[in-house]
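Novice: sequence plus predicted model, see below.
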Amino acid sequence: MKNKVGVVGGAGHIGLPFSCYIQNKGIDTLIIDTNNDILELIKNKITPFIEYDLQNHLDHAINNGLQTTLDLNEIKDCNIVIITLGTSSDKHVIKKFNQLIDDVISKITQGSTIILRSTVTLNTINKIIEDKTFNTKKLHLYYCPERIAEGKAFLELDKIPQIIGSKDKIESDLILNFFNELNIKTISVNFEEAVFIKLFLNTYRYSQFSTINYFDNIASTNSLDFKKLLGIASESYPRLENVPDSGMVGGPCLIKDSHTFIDSFDDPRGLISKYFEINKDFIKNIITKCESKFDSKKIVQLGLTFKPESDDLRDSQSIELNKSLIKEGYEVKTYDPFINSEEELSKIMEFSNNILISTHHKIFDSYDFTDKKVVIVGDK
Ligand SMILES: NC(=O)c1ccc[n+]([C@@H]2O[C@H](COP(=O)([O-])OP(=O)(O)OC[C@H]3O[C@@H](n4cnc5c(N)ncnc54)[C@H](O)[C@@H]3O)[C@@H](O)[C@H]2O)c1
């Protein structure tokens with residue numbers, strides 16, 4: 001039987017690239033999403049957010065028959081339903097997610113397969129496999145977490161092995177054949193192992209960024225220039241080759257997944273909780289740098305998105321920094337080339353000679369900062 005796949009939440013940052021990818025591998029794909037504005041963009045081959053090579057893949061996917069709908073009832077025609085909704089440890093978000101899962105279970109056809117691609121907890125998984133209707137309908141559940149970095153979907157989708165979490169063992173060849181058809185290598189584990197792997201990855205990444213920020217905080221307290229020292233320490237030094245620069249650490253995954261890791265597996269020595277505090281201190285550290293470098297409380301803040309070369313503002317620490325600056329009595333005008341129009345730039349730059357680059361988009365390196373006082377947060 002030929003697969004027909006429904007991707008619920010398929011207009012989002014994870015759902016859309018994946019939907020395009022599978023449609024372009026010849027699998028009939030239907031995006032189901034509640035955001036009508038974004039569905040209209042997709043139908044018209046307009047990319048709703050920045051993602052490397054998405055335009056090319058979207059054009060092909062629509063030409064190849066990628067479908068979209070607002071109507072969840074249409075999953076009855078799909079033998080595989082993939083869930084890519086946003087998740088977090090926030091109670092309201094969990095409630096909405098569970099509600100959606102209940103709806104999917106009630107509308108999906110007997111014997112079909114549900115793939116969870118959103119980041120979820122073991123509680124969520126257990127709730128599904130213990131559900132009466134889920135069992136009466138003889139549905140199958142797999143947890144196949146997405147592990148790409150936002151912006152790199154088409155560079156990483158067929159390079160990173162797919163973790164497949166299942167109850168005891170994989171119940172049918174369908175799931176293995178599905179990823180095989182997509183040219184994606186698979187690794188099978190149980191549900192709990194899959195949950196741990198996904199949450200560990202992002203929590204560990206968060207810890208790496210936080211650790212370097214910790215040293216930046218300490219260096220600043222000792223009036224040392226951490227950027228300069230890290231540059232010297234890592235020059236031609238193999239053991240610091242992959243060390244990240246200090247900088248803002250936010251976005252839709254790292255912070256929330258670290259919270260979810262603690263909720264799911266505990267934090268016996270309080271180490272992970274410390275990372276949140278360190279990053280709050282890092283914001284204070286930046287404000288102290290501004291105080292010592294700038295000659296007034298007027299600032300032009302450049303870069304607001306959660307990471308460079310992205311248009312995603314979710315959980316951006318540059319926005320948190322902006323709020324803290326305003327609380328401290330600074331007047332701040334902001335500009336981000338991925339959010340604002342270029343015409344706004346010159347007017348904003350006239351506001352002050354004090355420049356704070358908080359999210360370091362590449363284009364800022366071409367700006368002329370002659371006669372300006374500049375504080376840069378993060379180079380990489
Ligand atoms: N963004 C990343 O880089 C990334 C990386 C790996 C994993 N993840 C995980 O993937 C999941 C999705 O994240 P995202 O960044 O794509 O989120 P997103 O907010 O970009 O996308 C979620 C989509 O779900 C839709 N939606 C919400 N409620 C719905 C409903 N009831 N029915 C149908 N559609 C609905 C929204 O309209 C949106 O288009 C999360 O669990 C996240 O942790 C994200």
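Specialist: Done, it's in. From a predicted model like this one, the values you see are computed outputs, not experimental measurements. Numbers count the residues shown, from 1 in each chain.

Novice: so Tyr335 makes contact with Glu343?
Specialist: No - using CB atoms under 8 Å as the test, Tyr335 is too far from Glu343 to be in contact (11.0 Å). C-beta coordinates here come from the backbone N, C-alpha and C atoms, glycine included.

Novice: those two: which has the busier surroundings?
Specialist: Tyr335 (21 against 7; other CB atoms under 10 Å).

Novice: and the closest residue to the ligand within the chain, what pLDDT?
Specialist: Ranking the residues of the chain by distance to the ligand (CB to the nearest ligand atom) places Gly12 first, at 1.9 Å. We note a pLDDT of 98 for Gly12 in this prediction.

Novice: Lys380 now?
Specialist: 44.

Novice: try Ile170
Specialist: According to the model's per-residue confidence, Ile170 sits at a pLDDT of 78.

Novice: you'd agree it is in a helix?
Specialist: No - assigned with DSSP: H, G, I helix; E, B strand; the rest coil, Ile170 falls outside any helix and is coil.

Novice: just checking, what packs against the top helix by length along the chain?
Specialist: Among the elements of the chain assigned as helix by DSSP state H, the one spanning the most residues is helix 191-221. Counting contacts by 3 or more CB pairs under 8 Å, 6 or more residues apart in numbering; DSSP states H and E, helix 191-221 is packed against helix 122-129, strand 140-143, strand 162-166, helix 226-234, helix 254-265, helix 271-293.

Novice: tell me the phi and psi of the residue of the chain closest to the ligand?
Specialist: For Gly12, the backbone dihedrals (degrees, to the nearest 10) come out as phi -90, psi -180.

Novice: shouldn't it be in contact with Ile82?
Specialist: No - counting by CB under 8 Å, Gly12 sits too far from Ile82 to count as a contact (11.6 Å).

Novice: with neighbour numbers in mind, choose between these two.
Specialist: Higher neighbour count among Gly12 and Ile82: Ile82, with 28 against 23, using other CB under 10 Å.

Novice: name the SS class of that one, please.
Specialist: When the structure is split into helix, strand and coil by three-state DSSP, Ile82 lands in strand.

Novice: please report how far it lies from Pro17.
Specialist: Plainly put, Ile82 is 12 Å away from Pro17 if you go by CB to CB, to the nearest Å.

Novice: please apply the same query to Ile114.
Specialist: The spacing between Ile114 and Pro17, counted by CB to CB, is 20 Å.

Novice: what about these two, which has more around it?
Specialist: Pro17 (30 against 22).

Novice: how about the CA coordinates for whichever helix or strand that one is part of, as PDB?
Specialist: When secondary structure is defined using DSSP states H and E, the element that contains Pro17 is helix 15-23. Output in PDB follows, covering the C-alpha atoms of helix 15-23 (Å, rounded to 0.1, in the frame of the first residue of the first chain):
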ATOM      1  CA  GLY A  15       6.700  20.600  10.000                       C
ATOM      2  CA  LEU A  16       7.100  22.600   6.800                       C
ATOM      3  CA  PRO A  17      10.700  21.500   5.800                       C
ATOM      4  CA  PHE A  18       9.900  17.900   6.700                       C
ATOM      5  CA  SER A  19       6.600  18.000   4.700                       C
ATOM      6  CA  CYS A  20       8.400  19.300   1.600                       C
ATOM      7  CA  TYR A  21      11.200  16.800   2.000                       C
ATOM      8  CA  ILE A  22       8.800  13.800   2.100                       C
ATOM      9  CA  GLN A  23       6.600  15.100  -0.700                       C
END
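
Novice: any idea of the mean pLDDT for the helix or strand just after it?
Specialist: The helix or strand immediately downstream of helix 15-23 is strand 28-32, counting by DSSP H and E. The average of the pLDDT scores along strand 28-32 is 98.

Novice: same question for stretch 132-146.
Specialist: Mean per-residue pLDDT for stretch 132-146: 98.

Novice: ok, Leu41 - contacts?
Specialist: Applying CB atoms under 8 Å, 6 or more residues apart in numbering, one finds that Leu41 lies in contact with Thr47, Pro48.

Novice: coming back round to it: count residues in the vicinity of the residue nearest to the residue of the chain closest to the ligand when sequence neighbours are not counted, would you?
Specialist: Leaving out its chain neighbours, the residue that sits closest to Gly12 by CB to CB, 6 or more residues apart in numbering is Thr84, at 5.9 Å. Taking other CB under 10 Å as the criterion, the count of residues near Thr84 is 25.

Novice: check Thr84 and give its pLDDT.
Specialist: The model reports Thr84 with a pLDDT of 98.

Novice: hang on, isn't it packed against Val5?
Specialist: No - with the criterion set as CB under 8 Å, Thr84 and Val5 do not qualify as a contacting pair; they are 11.4 Å apart.

Novice: so what's the nearest residue to Ser264 once chain neighbours are set aside up against?
Specialist: Nearest non-adjacent residue to Ser264, counting by CB to CB, 6+ apart: Thr121, 5.0 Å away. By CB under 8 Å, 6+ apart, the contact list for Thr121 reads Val195, Thr260, Asp263, Ser264.

Novice: ok, Phe276 next?
Specialist: Each residue near Phe276 by CB under 8 Å, 6+ apart is listed here: Ile255, Ser258.

Novice: distance of it relative to Arg147?
Specialist: With distances taken as CB to CB, Phe276 is found 23 Å from Arg147.

Novice: what about the nearest residue to Glu171 once chain neighbours are set aside, neighbour count?
Specialist: Excluding the flanking residues, the one nearest Glu171 by CB to CB, 6+ apart is His140, at 5.5 Å. Taking other CB under 10 Å as the criterion, the count of residues near His140 is 19.
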